[in-house]
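1. sequence and predicted structure, then a few things I'm wondering about:
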Amino acid sequence: MGSFVIRRLLILIPVLVGISFLVFSAMYLLPGDAIDSLLAETGGSTRDIERLRKEFGLDQPFLVQYGTFLSRAVRGDFGMSLRQRIPVKGAIKDQMGATIELTLAALVISIGMGIGLGVVAAIRRGTWIDTTAMFISLIGVSMPIFWSGLLLIFLFSLRLGWLPAAGTGGFAALILPAVTLGFSAAAIIARVTRSSLLDVLGQDYVRTARAKGLGNRVVVWGHAMRNALVTVVTIVGLQFGGLLGGAVVVETVFGRQGIGFLAADAIRQQDFPMVQGTVLVSTLAFVLVNLAVDIVYGFVDPRIRYA
Amino acid sequence: MRNRPLLLVVIGALIGAIAIGTTGPASGAPAGPTPGGQISYATNREPDMLDVNVGSSRYDRWVTASIYDQLLAMDQSGKILPWLAEKWSVSGDGRVYTLNLKRGVEFHDGTPFNAEAVKFNFDRIMDPATKSTSAIGLLGEYDKTEVVDPQTVRVAFKRPHPGFLTNLTDVTLGIQSPTAIRRSGADYVRNPVGTGPFMFKEWIRRDRIVLVRNPKYQWAPPWSSNRGPAYLEQVTIRMIPEDGSRVAGFESGQLDGIGRVPPQNATTLRIDKRWVVNNVVLPGTGVQLVVNGNRAPTDDIAMRRALEHMMNTDEGSRIAYFSQWFPHRGSVLSSNNPYFENTSKMYPFNQQRADQLLEEGGWRRGPDGIRVKNNVRARLVYIGFPSIETTRTMEWMGANLRRIGVELTIRELDTGAIHRARQAGEHNLAHLTFIFLDPGFLRTLYHSEGSGRGWNFYHTKDAQIDQALEQGQVEANLQRREQIFRDFQKRMMEQAFIIPIVYQHQTSAVKAQLAGFTLYPVLGEYPYFQSAYLRR
């Protein structure tokens, strides 16, 4: 187990370098650069454009620019934001807390709601309960996050006045964004839970368990669910990536702090040190969560061994 | 039938106007301004930084306008007024400006405001290590600043800089505390210290910036109704990028005011007497289409002139901007610029005339109704940003152009892509709008040197235009300068390189209890809280 974790952590190094190269190339190949974006609102004489490009080192060849970035990054220095002129590391640190809070809350909601709906639908297969549960999850899958977010704001802030429409800080401000984000992930988890539970419920050992005279609750939660969870845990791990992506939209709609919002702005402004920083941190989080998921497998299914 | 929604909007706007007209100030005791209270005001984007010498974002100025003061002020008519500089004079050759500074002005950190501070700010802007983006452009061909005595500076330029006084009224040349800059170093961008009515308290990134009252403030700009310190104890600036959420936050009472109200929301907010809507014209170009003179079919002046005759700005303002943004009557300057030239008579909306111009120019209708000349199809490509208002404008325009046998393709791209596509001249029509005060800036947008690498998107070398822009930038005789720019505006329209649509506006909405709130005169975009107070 220990060596498995270490090996997986070592793989992180080529993954991060690879990602950073891809991001750097993508930013380089995109039309326009940070100077165009910096001057997009105020304009600049041709003299100013050339001067700034030089001052920011954007006139250097691609490999030189990437090399400079990489040699700094390995020392933990992601450089300065071209746009805000503050260290990228600090800017990300300021925003991390809010994103972690949001994704964790959304994860809890999506797991609770997803597994709940999925189990109910599987047990009551073919009844109106199943149809309703799957209809709810269909809505969750199909509705774009920005739209469901705006609908929630309209209902709970504007009409009912219960919750703030936007902002960060405090439990009340977290509810709507977390529900918006969690709902979309819950829908997928519900569908997977339902189908994998149905699959397991049809197996021989479940029939045996029932034949032994075990109650429905014990059969479903004690025997069947344990096996169905392996698939569900995988999906939850993958959904985490979706949550990080969805956070970009949710943070924008609710005007919340967070690195999603930071990354979206940085991409639009072609502020490549900031883009690199936010993408690498998100990659790291995604890889680590999936490593955690792999470890959880061992608890869910004792047959899985780490070699 | 087609115009029904429009009709409803117009009726709505009328009702709104009547409602506002009849309510007036709250009845009861005539509540004068009382100090105290705090408010929150939301914008749609976070500032990059709060150092005006360095930054380029307009959203920086939404906040810095409250923290810093300028040397000079400008009133609605464009007249230049004293502020931190009480008197000024210009040398005969237009190269040297002498400014006499107000006494007794102090930065928030206690540093006295004086000639040394002004020199420090200007020299810092020019220092390559500062990497100044937009302030440096306002200083033109800067040479040096001399401290004559503690209250007098002499600013010298290598070439005449007739736009300097106007530029001194720009928030971008606000004066910052030298002590704070020296002390904070690179961290100054988020620890601003000025002489303004509000002092910086804290900045919680991506959430809020908190400003508190400067109790010593006694040097308000001449256009402010409040001569002393601000009434409000505290102002919190929030950032909510999504229009729907920002408006909802305001309507639900979570916010006391918002900027960047979309035109469609402004019409409904106006109707309700709980709220007051401020709508002002912004300086600069207004919203315009730049016509590429170097790409078929708009390389043909007959085609360009026909397009001008098909632009009905009154209808455009109604359809795309719900009449909240007023129709453009000039060419490349908004109506609030003192050099504004009304060119609206040149191309009255006239479909017959447009058809006739195209026929005379050899454009014949093909079998599908689209005109063709020398095997070139009358197909225009538009390149612009994805925004509801401009998309609506272009769809409406496309429908109009079809009637004269011209086809329009709309391409909407991201900032970087749009810029490169416009520089490469892949368009016939490009969306352009810029905010600036002094027409000297027009050189950046319309001189042929900017074609391919700058902001010239009509991609045509016109000796008369280039010469006017070069001269206008350095002409020290202001009457002559005005004439140069007036002729320039006419020339741009004669050559039909610009199709103006509407003036750019800033619309803000505040609760009716918040009295005395204004938007910065002329610069318009920035909220001004110094004279604002809460009605009890």
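-> Yep, that arrived.
2. my read is that residue B:417 contacts residue A:36, right?
-> No. Using Cβ atoms under 8 Å as the test, residue B:417 is too far from residue A:36 to be in contact (10.0 Å). From N, CA and C alone the C-beta is placed, and that goes for glycine too.
3. who's more crowded, these two?
-> residue A:36 (21 against 15; other Cβ atoms under 10 Å in any protein chain shown).
4. quick one: the more buried one is in a strand?
-> No. The assignment for residue A:36, made by DSSP: H, G, I helix; E, B strand; the rest coil, is helix rather than a strand.
5. could you give the number of residues near the closest residue to it other than its chain neighbours?
-> Spatial nearest neighbour of residue A:36, chain neighbours left out: residue B:419 (4.7 Å); criterion: Cβ to Cβ, 6 or more residues apart in numbering or on different chains. The number of residues packed near residue B:419 is 21, by other Cβ under 10 Å.
6. please, which helix or strand holds residue B:419?
-> Element membership for residue B:419 (DSSP states H and E) is helix B:415-423.
7. after that helix, next one along is what?
-> strand B:429-432.
8. and the strand or helix carrying residue B:39, how far out from the chain's middle?
-> Element membership for residue B:39 (DSSP H and E) is strand B:38-43. For strand B:38-43, the separation from the chain centroid amounts to 21 Å (computed by Cα atoms, centre = their mean, to the nearest Å).
9. tell me the residue of chain B that sits nearest chain A?
-> Going by Cβ to the nearest Cβ, chain A is nearest to residue B:416 of chain B, at 2.6 Å.
10. any idea how far that residue is from residue A:39?
-> 12 Å (Cβ to Cβ, to the nearest Å).
11. can you tell me the closest non-neighbouring residue to residue B:305?
-> residue B:496 (5.0 Å).
12. quick check, that neighbour in contact with residue B:309.
-> No. Using Cβ under 8 Å, residue B:496 makes no contact with residue B:309, being 9.6 Å away.
13. let me see the domain layout of chain A.
-> If you go by automatic domain parsing, the domain ranges for chain A are A:2-74, A:88-306.
14. end-to-end on the first one?
-> What that stands for is domain A:2-74. Using Cα to Cα, to the nearest Å, the end-to-end distance of domain A:2-74 comes to 25 Å.
15. for it, what is the average pLDDT?
-> On average, the pLDDT along domain A:2-74 is 88.
16. now stretch B:271-288
-> Mean pLDDT, stretch B:271-288: 94.
17. and for stretch A:158-172?
-> 84.
18. ok, it near chain B or not?
-> Yes. Using Cβ under 8 Å from any Cβ of the partner chain, stretch A:158-172 reaches chain B at A:158, A:161, A:164, A:165, A:166, A:167, A:168, A:169.
19. show the backbone phi and psi for residue B:152.
-> phi -130, psi 130 (degrees, to the nearest 10).
20. quick one: contacts for it?
-> B:98, B:99, B:100, B:101, B:115 (Cβ atoms under 8 Å, 6 or more residues apart in numbering or on different chains).
21. and if we set it to 10 Å?
-> B:85, B:87, B:98, B:99, B:100, B:101, B:114, B:115, B:118, B:146 (Cβ atoms under 10 Å, 6 or more residues apart in numbering or on different chains).
22. list the residues that contact the closest residue to the fifth one other than its chain neighbours.
-> Taking Cβ to Cβ, 6+ apart, and ignoring the residues beside it in sequence, residue B:100 has residue B:87 as its nearest neighbour in space, at 4.2 Å. Residue B:87 is in contact with B:98, B:99, B:100, B:101, B:102, B:152, counting by Cβ under 10 Å, 6+ apart.
23. let's have those residues in TSV, adding pLDDT and secondary structure.
-> Listed next are these as TSV, based on pLDDT from 0 to 100; DSSP: H, G, I helix; E, B strand; the rest coil:
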residue	pLDDT	secondary structure
B:98	98	strand
B:99	98	strand
B:100	98	strand
B:101	98	strand
B:102	97	coil
B:152	98	strand
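24. among these, which one is most surrounded by other residues?
-> Neighbour-wise, the contacts of residue B:87 (other Cβ under 10 Å) top out at residue B:99, 24 neighbours.
25. show me the contacts for it.
-> If you count contacts by Cβ under 10 Å, 6+ apart, residue B:99 has them with B:71-72, B:82, B:84-89, B:115, B:118, B:145, B:148, B:151-155, B:165, B:168.
26. are any of the residues you listed buried, and which?
-> Buried members of these, scored by 16 or more other Cβ atoms under 10 Å in any protein chain shown, are B:71-72, B:82, B:84-85, B:88, B:115, B:118, B:145, B:151-155, B:165, B:168.
27. select from these every entry located in strands.
-> B:72, B:82, B:85, B:88, B:145, B:152, B:153, B:154, B:155 (DSSP state E).
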